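**Student:** 3D model of this:
(one chain, ligands or ions: 1)
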Amino acid sequence: QRFPVVVVGAGPAGLTVGCILRAAGVDCLVLETETREFIERRPRAGVIEEWAVRGLEQRGLAGNLLERAERHIACEFRFAGERFRFPYHELTGRHHWVYPQPLLVTDLVHEYADLRGGAIRFAVRDVMLHGLDGHSPSVSYMSPETERREVVECDFLAGCDGARGVSRAALQPGRARTARHDYGIGWLALLAEAPPSADCVLFGCHPDGFAGQMPRSPQVTRYYLQCPPGDDPDNWPHDRVWAELRRRLGADGAAPPAEGRLIEKRVLDMHDYVTEPMVHGRLFLAGDAAHLVAPIAAKGLNLALHDAFLLGDALVARLTKGDDSGLAEYEAACLRRVWDYQEFSQWLSELYHGGAAGDPFRAGTTLARLRRLFTSPAAAAAFAEQYLGTAERY
Ligand code: FAD
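**Tutor:** This is a model prediction of the structure:
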């Protein structure tokens, strides 16, 4: 079997690359280790930046999203027992979209496989990449149907298989290096069957630890609670979770979080990494396979889409017009945004967690940083620009 492009991983990055290729009439094969049902339900991100939605729209991929996603125009910080609304739309004219990642993935799979006729194999096992140092790479995998190892040759490989995939691993050691940052902090990531208690994202910067509320839909709300890294989710029974959320998000005049059944409860160890180079021969990494940014600033999905737009367009230019320029510029164009978002994530982490570090000096500087957002128009503008992300600077 031979395809011009094999995409490893059917997450937002891989499926977007696949859709762009199919729209241009380029054949490709997407390989995914999970089932379709599983990827269509996996809960993760929800906040999508305006430029990313525009990018999806320009490629005919935002129909459902634009109909169903919620537009967010403000966020709210809670600290020192008070509420501070940050009206970013008023400051910038721009907004965030909230659309749960499983819905986006469902739309993209449907578009790629059902409407654009793209080839996709689910539930494959033991994916291996071959011939990475030459001009004709190939991929092999164990097929669930035949129980045999299938080999697929290709011209280009898109490594979109996330943080634990084989693409990044194939570049280590020797072909790439991964720069990593550990925050030394855990977040208990929760999904509750309950409506949000406010119409916007809430950041509770409390001396006992950060708490966040991210609305997902009228029925489901994501919450985060700072906890020790590696903590056991079983240490967080229902009553403890809701008591901590009420305390850390508590503020004068604020409604307490609406309690509901917890349908997801897991501990994330906050860390970031960037793998460079993102390109080796004809293998191009995209999304979490190349770089991970802790969910602190809700940037990961946006970076995955940015890479996918660039890679999809560049592969189309190469395969339909022989134009190599997009592929040559791919890595540098991705990394400018990646490092910018990584830096913002570090800055924001101190804002969220500095007051709970057990260090009175850091608690003082964190409070000053928080207050500055609401007293200095220049500081507010800088925060809004980075929080919303822009299309223009990269
Ligand atoms: P993935 O979504 O991880 O997709 C990779 C795919 O490859 C998966 O389907 C996987 O099953 C498959 N795969 C793995 N190994 C193999 C293999 N060997 N062969 C074939 N397939 C393989 N980002 C935001 O922008 N905003 C947010 O609000 C936000 N919130 C988040 C909340 C949480 C709790 C988490 C965990 C993440 C959050 N993120 C957020 C990050 C975002 O979800 C990721 O950055 C995004 O999913 C990356 O997309 P991707 O396509 O690169 O990788």
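**Student:** which SSE is immediately downstream of the longest helix belonging to the chain?
**Tutor:** Assignment by DSSP state H gives helix 325-353 as the longest helix of the chain. Next along the chain after helix 325-353, taking DSSP states H and E as the criterion, comes helix 360-373.
**Student:** for the stretch 1-150 of the chain, which residue gets nearest to the ligand?
**Tutor:** The nearest approach of the stretch 1-150 of the chain to the ligand comes at Gly11, 1.9 Å away (CB to the nearest ligand atom). No exception for glycine: its C-beta is placed from N, CA and C like everyone else's.
**Student:** tell me what the longest helix of the chain is packed against?
**Tutor:** Counting contacts by 3 or more CB pairs under 8 Å, 6 or more residues apart in numbering; DSSP states H and E, helix 325-353 is packed against strand 177-193, strand 201-206, strand 209-215, strand 261-276, strand 279-280, helix 300-321, helix 360-373, helix 377-388.
**Student:** what's the closest of the ones you listed to Gly354?
**Tutor:** helix 360-373 (3.2 Å; CB to CB).
**Student:** ok, the residue of the stretch 1-150 of the chain closest to the ligand touching Ala304?
**Tutor:** Yes: with contacts defined as CB atoms under 8 Å, Gly11 counts as touching Ala304 at a distance of 6.9 Å.
**Student:** overlap in contacts, these two.
**Tutor:** Common neighbours of Gly11 and Ala304 are listed as 160, 287-288 (criterion: CB atoms under 8 Å, 6 or more residues apart in numbering).
**Student:** nearest to the ligand, of the residues you listed?
**Tutor:** For those, the nearest to the ligand is Gly287 (2.1 Å; CB to the nearest ligand atom).
**Student:** the closest one: what's it in contact with?
**Tutor:** Per CB under 8 Å, 6+ apart, neighbours of Gly287: 9, 11-14, 160, 162, 300, 303-304, 307-308.
**Student:** in three-state terms, label Val244 for me.
**Tutor:** One correction, residue 244 is Glu, not Val. helix (DSSP: H, G, I helix; E, B strand; the rest coil).
**Student:** what bridges to the residue found closest to it once you drop the neighbours it is linked to in the chain?
**Tutor:** Counting by CB to CB, 6 or more residues apart in numbering, Glu244 lies nearest to Leu225, which is 5.5 Å off, once chain neighbours are set aside. When bridges are called by DSSP bridges, Leu225 pairs up with Leu188, Ala211.
**Student:** flag every residue of the stretch 101-250 of the chain that's near the ligand.
**Tutor:** 101, 127, 160-162, 164-166, 189 (CB under 6 Å from any ligand atom).
**Student:** follow-up on the earlier one: mean neighbour count added to the helices and strands packed on helix 325-353, as TSV?
**Tutor:** Below are those laid out as TSV (neighbours: other CB atoms under 10 Å):
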stretch	mean neighbour count
strand 177-193	18
strand 201-206	24
strand 209-215	24
strand 261-276	17
strand 279-280	19
helix 300-321	23
helix 360-373	14
helix 377-388	16
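**Student:** could I get those as JSON lines with mean pLDDT?
**Tutor:** Below are the helices and strands packed on helix 325-353 laid out as JSON lines (pLDDT from 0 to 100):
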{"stretch": "strand 177-193", "mean pLDDT": "96"}
{"stretch": "strand 201-206", "mean pLDDT": "97"}
{"stretch": "strand 209-215", "mean pLDDT": "95"}
{"stretch": "strand 261-276", "mean pLDDT": "97"}
{"stretch": "strand 279-280", "mean pLDDT": "96"}
{"stretch": "helix 300-321", "mean pLDDT": "98"}
{"stretch": "helix 360-373", "mean pLDDT": "98"}
{"stretch": "helix 377-388", "mean pLDDT": "96"}
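**Student:** adding distance to Glu34 as columns, could you present these in a markdown table?
**Tutor:** Converted to a markdown table, the helices and strands packed on helix 325-353 look like this (distance: least, CB to CB, whole Å):
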| stretch | distance to Glu34 |
| --- | --- |
| strand 177-193 | 19 |
| strand 201-206 | 29 |
| strand 209-215 | 24 |
| strand 261-276 | 16 |
| strand 279-280 | 25 |
| helix 300-321 | 16 |
| helix 360-373 | 40 |
| helix 377-388 | 32 |
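**Student:** between these, which one is closest to Leu66.
**Tutor:** helix 300-321 (14.9 Å).
**Student:** what angle sits between the closest one and strand 261-276?
**Tutor:** 50 degrees (axes from the mean of the first three to the mean of the last three CA atoms, to 10 degrees).
**Student:** so does helix 300-321 get close to the ligand?
**Tutor:** Yes: judged by CB under 6 Å from any ligand atom, helix 300-321 comes into contact with the ligand at 300-302, 304.
**Student:** what's the angle between that helix and helix 325-353?
**Tutor:** Using the same axes, to 10 degrees: helix 300-321 against helix 325-353 is 180 degrees.
**Student:** flag the shaky bits of the stretch 51-200 of the chain, pLDDT-wise.
**Tutor:** Low-confidence regions of the stretch 51-200 of the chain, defined here as pLDDT under 70, do not occur.
**Student:** what ranges do the helices span in it?
**Tutor:** 63-68, 88-92, 101-109, 166-170 (DSSP state H, counting those that start in this stretch).
**Student:** make a markdown table from these and add mean neighbour count to it.
**Tutor:** Converted to a markdown table, those look like this (neighbours: other CB under 10 Å):
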| stretch | mean neighbour count |
| --- | --- |
| helix 63-68 | 13 |
| helix 88-92 | 16 |
| helix 101-109 | 21 |
| helix 166-170 | 21 |
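**Student:** related to what we said a few turns ago, need the contact list for the residue nearest to Glu244.
**Tutor:** Neighbours of Leu225 in contact, by CB under 8 Å, 6+ apart: 187-188, 190, 209-211, 236, 241, 244-245, 248.
**Student:** and for Arg362?
**Tutor:** Taking CB under 8 Å, 6+ apart as the test, what Arg362 contacts is 350, 354-355.
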